[in-house]
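[1] Sequence first, then the predicted structure:
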Amino acid sequence: MATTAQNLPEPWDPLVSFREFVKEELAPYPGRVALVARMVICATLVMILTMTFRIPYGMHGAVFTLIISRESPRATMRAVRTIVIAFAFSAVYIFIGAMFSLDDPTLRLLWIIGTLFIAFYAISAMTDYVAATGFGILIAITISLWDLHVPAELKVENTLWAFAQTAMACAITLLVELVFSGFRRGDDLRRSIAERLASVGELLDFLAADQPVANRTKKSLTRLALTGTSKLRQIVQVSAYSLDYREQMEAVVTLVGRLVDIAANLAYFRIQSSDNAHKRLGTLSQHIANLRADLLSARIPPRIEFSGSAEVPLLREMEKTVALIPDVFATNDFSAKPTPQSEDSPVRLFARDALSNSDHIKFGLKGCLAASLCYIIYTSLAWPGISTAVVTCILTALTTVGSSRQKQVLRVTGAIVGGVVVGMGAQVFILPYLDSIGGFTLLFVAVTVVAAWIATSSPRLSYFGVQLALAFYTINLQEFKMQTSLTVARDRVIGILLGLFMMWLVFDQLWSAPAVEEMKKSFTASLRLLGQLSIVPLSKDIRVVTEQTSSLREKINTNLDKLRVLGDAVLFEFGSSRQQDLALRGQIMRWQSEVRMLFLMEITWLKYRLQLPGFELPEGLREAQLEFDDEFARTLESMADRFEGRRSTKKAEFENSFKRLERNIQTCYSKASSQQVTAQLQTFQSLCLRIGSLTMSLANEI
């Protein structure tokens, strides 16, 4: 038998914990130096062109070079194209609004309120968050411009310069990415997944050899667990690959992330295991090594099966997770190599439920209220210097209290460090002694390196780096000179604090939406949508069916992706129910990987239901499958009901349906007329077993 013990925790020291957290976040990882270098080069080029040719809104362009996607040249090009289109549309919208509202103060106020609602609605309903936020930012910075008592020609010119500054930043970023793309080797997604599998394999090798785990391995697992999978999911989401490939790789990312989380906990156990436990640990390590080699070589890995009970704690959970990874590749006509998206595949600008989901409207109203209050305050006080409050509302806007609070904390600390400490500090101690753009460039590069390095951390800290740069740029890159007036910095920092206060008041106090409640809604919605997908109405018109299934798949993907973001947000919420919320978060995150696997299997299963070419079934077996589909949908619905606290008893009916389907498959085996039919039945049976066992396992846990 294996025995375990865990080191007794030392008394909690917040300073030590914070130091370790920062140390882990700022530790280098593969590709980080190159990424930071590209970000710094882009921002510096924008600054030099801005100062040399006296282009307005230099801050706006420089900060955008830090947030444009850099996952690949193609992804960067897509991001640039979307951002430029969004900004061009917003510029036209501003001109049209000014033509109709500028001469009437009441109409002007109503137009601004309506415009702010549209901006926040776009942030919630658009599929590209950066483009939506950019649209809102351009609206925010030009609102104060059009309120100034200056000639209309100057207002039009500056609005066009704001658009041109963004277009220039996008062009520079794309050019730098294309230049550096020749030096990048391999697939970033597969390489990152392989790095995580290698760290888990190292841990298992130490445990299998009954040796203490090396500190390097512990730190690597801790760093990867803290970093999470958000960066990997972003690579998948912005990729130009087919929908099937993206869904499958998102499942792989979810499972590998779960594996790293378990391994990070296991690394701190002292294990005295038996020979049998050593053997199982070694076997699991070998399977992980094989998986890693297959992924890097673009091969489809064979199925993995484990049997018996695990003596080492958490080992059974790791075996279950590893066994699910090959199933991802077996759920479809999967090519181990990335399959590019068809050129005629439409790119959706808005979510499919943009007009039907009331949550988008509610979010637009909340954000509009916060930003409108900021506008009314700084206009009533005739204090345009604090107009940064409206930009703050847009930049910190997210759909839950936790995630909004997270951004607010990072923004206010980033504003203090970037605006007060670095910005004002430079005005007092450095800028008075600089007399050329060369000296300012050195200061700019130094600050941007620090900000970019922090911005490439995990989501728990990355936003701090963006805000540090934004606050510094706002103070020192708005005019074509060395800014030494502390009044400017004071006004802009006060505006940031005003915006944060209004967001806290509206989102946290008036319309509270705890992240854990949003997690429950997204999880139960995923279960119900998956049930709807399994019983999609049959139709002879394949276009109707395709539209229905595509809509459901998009909704399921969106809900499953939200769970990880909301899970991070729960960590920033406090109160009497915090421990209970954290426990529920852990359960949902564990079940999420199983639901995503069911989703992938259901996509292939749906082909048999629709009798697509190559997926035809004998009539008797087809009837059994349709009955199974109905019970599967009811079972998922009952899981959602039980998770919400309502009683339901559907498990036995699903098991009976599952057994009847298996008997029908065996009957068809005996009547198979050719080897091709037998092979097809074997594939169908294997998929049936995986769906049935995973569904019953999930139902038992819930």
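    Great, that's in hand. Numbers count the residues shown, from 1 in each chain.
[2] Can you classify residue 261 by secondary structure?
    In the three-state summary, residue 261 is assigned as helix, counting by DSSP: H, G, I helix; E, B strand; the rest coil.
[3] Hmm, I typed the wrong one, I wanted residue 354.
    coil.
[4] Just confirm it contacts residue 361, I think it does.
    No. Here residue 354 does not reach residue 361: they are 10.0 Å apart, not a contact under C-beta atoms under 8 Å. Placement of C-beta: from N, CA and C, glycine included.
[5] Just confirm residue 608 contacts residue 621, I think it does.
    No. When contacts are counted by C-beta under 8 Å, residue 608 is not listed as touching residue 621 (9.1 Å).
[6] Distance check, residue 676 against residue 682.
    In this structure, residue 676 and residue 682 are 11 Å apart, going by C-beta to C-beta, to the nearest Å.
[7] Show me the strands in this protein, by range?
    Ranges of strands within the chain are 3-6, 269-272, based on DSSP state E.
[8] Least reliable of those by average pLDDT, please.
    Within those, the least confident segment by mean pLDDT turns out to be strand 3-6, at a mean of 47.
[9] show me what contacts the residue nearest to residue 667 when sequence neighbours are not counted?
    Leaving out its chain neighbours, the residue that sits closest to residue 667 by C-beta to C-beta, 6 or more residues apart in numbering is residue 620, at 7.3 Å. Neighbouring residues of residue 620 by C-beta atoms under 8 Å, 6 or more residues apart in numbering: 664, 667-668.
[10] cool, residue 306 as well?
    280, 284, 319-320, 323.
[11] Just name the closest of these to residue 471, please.
    Out of the contacts of residue 306, the one with the shortest distance to residue 471 is residue 320. That distance is 46.5 Å, counting by C-beta to C-beta.
[12] Now the closest one: closest residue in space, sequence neighbours ignored.
    Once flanking residues are discounted, residue 320 sits nearest to residue 306: 7.7 Å by C-beta to C-beta, 6+ apart.
[13] Mind pulling up the pLDDT for that neighbour?
    The predicted local distance difference test score for residue 306 is 79.
[14] Kindly report the same for residue 365.
    As summarised for this prediction, residue 365 has a pLDDT of 93.
[15] Let me see the contact set for it.
    Contacts of residue 365 were listed using C-beta under 8 Å, 6+ apart, and they are 117, 120.
[16] Please report the distance of it from residue 393.
    The gap separating residue 365 from residue 393 is 13 Å, by C-beta to C-beta.
[17] Same question for residue 114.
    Using C-beta to C-beta, residue 114 is found at 16 Å from residue 393.
[18] where does the stretch 501-650 of the chain dip in pLDDT?
    Applying pLDDT under 70 to the stretch 501-650 of the chain flags residues 512-513, 572, 648-650.
[19] Residue 92 - how many residues pack around it?
    Here the neighbour count serves as a burial measure; for residue 92 (other C-beta atoms under 10 Å) it reads 11.
[20] rewinding a little: narrow the contacts of residue 306 to those in helices?
    For the contacts of residue 306, membership in helices holds for 280, 284, 319-320, 323, with DSSP state H as the criterion.
[21] any residues in contact with both of residue 608 and residue 621?
    Residues touching both residue 608 and residue 621 (C-beta under 8 Å, 6+ apart): residue 684.
[22] out of these two, which sits in the busier spot?
    Neighbours around residue 608 and residue 621, counted as other C-beta under 10 Å, are more numerous at residue 608. The numbers are 21 against 17.
[23] Can you give me every residue that contacts that one?
    By C-beta under 8 Å, 6+ apart, residue 608 lies in contact with 615, 617, 625, 684.
[24] ok, so of those residues, who is nearest residue 528?
    Looking across these and measuring by C-beta to C-beta, the closest to residue 528 is residue 625, at 20.9 Å.
[25] Is that closest one in contact with residue 611, as I believe?
    No. With contact taken as C-beta under 8 Å, residue 625 and residue 611 are classed as non-touching, separated by 10.1 Å.
[26] Common neighbours of those two, please.
    For the pair residue 625 and residue 611, residues contacting each of them under the criterion C-beta under 8 Å, 6+ apart are residue 617.
[27] higher neighbour count, these two?
    Relative neighbour count places residue 625 above the other of residue 625 and residue 611, with 21 against 12, counting by other C-beta under 10 Å.
[28] which residues sit in contact with the more buried one?
    Applying C-beta under 8 Å, 6+ apart to residue 625 gives the contacts 608-609, 617, 661.
[29] hmm, try it at 10 Å
    Shown here is residue 625, whose contacts under the criterion C-beta atoms under 10 Å, 6 or more residues apart in numbering are 605, 608-609, 617, 632, 657, 661, 664-665, 684, 688.
[30] Then residue 351?
    124-127, 357, 360, 554-555, 558.
[31] try 6 Å this time
    With contact set as C-beta atoms under 6 Å, 6 or more residues apart in numbering, residue 351 has these partners: 125, 127.
[32] Please state the backbone phi and psi of it?
    Dihedral angles phi and psi of residue 351 (degrees, to the nearest 10) take the values phi -60, psi 150.
[33] now it: how far from residue 162?
    Taking C-beta to C-beta, one finds residue 351 at 27 Å from residue 162.
[34] Over to residue 116?
    The separation that residue 116 has from residue 162, given C-beta to C-beta, amounts to 17 Å.
[35] ok, now residue 105?
    Following C-beta to C-beta, the distance that separates residue 105 from residue 162 is 24 Å.
[36] Just give the number of residues close to residue 191.
    Residues lying near residue 191 (other C-beta under 10 Å) number 14.
[37] what's the spacing between it and residue 232?
    Note on residue 191: its distance to residue 232, by C-beta to C-beta, is 10 Å.
[38] one step back: mind putting the ones in helices among the contacts of residue 306 into CSV with pLDDT and distance to residue 646?
    Shown next, in CSV, are these (pLDDT from 0 to 100; distance: C-beta to C-beta, whole Å):
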residue, pLDDT, distance to residue 646
280, 85, 40
284, 90, 39
319, 86, 33
320, 83, 28
323, 85, 32
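[39] any chance of those residues in JSON lines, with distance to residue 172 and neighbour count too?
    Supplementary listing: the ones in helices among the contacts of residue 306 in JSON lines, determined by distance: C-beta to C-beta, whole Å; neighbours: other C-beta atoms under 10 Å:
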{"residue": "280", "distance to residue 172": "54", "neighbour count": "24"}
{"residue": "284", "distance to residue 172": "48", "neighbour count": "24"}
{"residue": "319", "distance to residue 172": "49", "neighbour count": "20"}
{"residue": "320", "distance to residue 172": "48", "neighbour count": "18"}
{"residue": "323", "distance to residue 172": "47", "neighbour count": "16"}
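[40] Return the member of those residues nearest to residue 110.
    Among the ones in helices among the contacts of residue 306, residue 320 lies closest to residue 110 (C-beta to C-beta), at 57.7 Å.
[41] Return the distance of that closest one relative to residue 389.
    50 Å.
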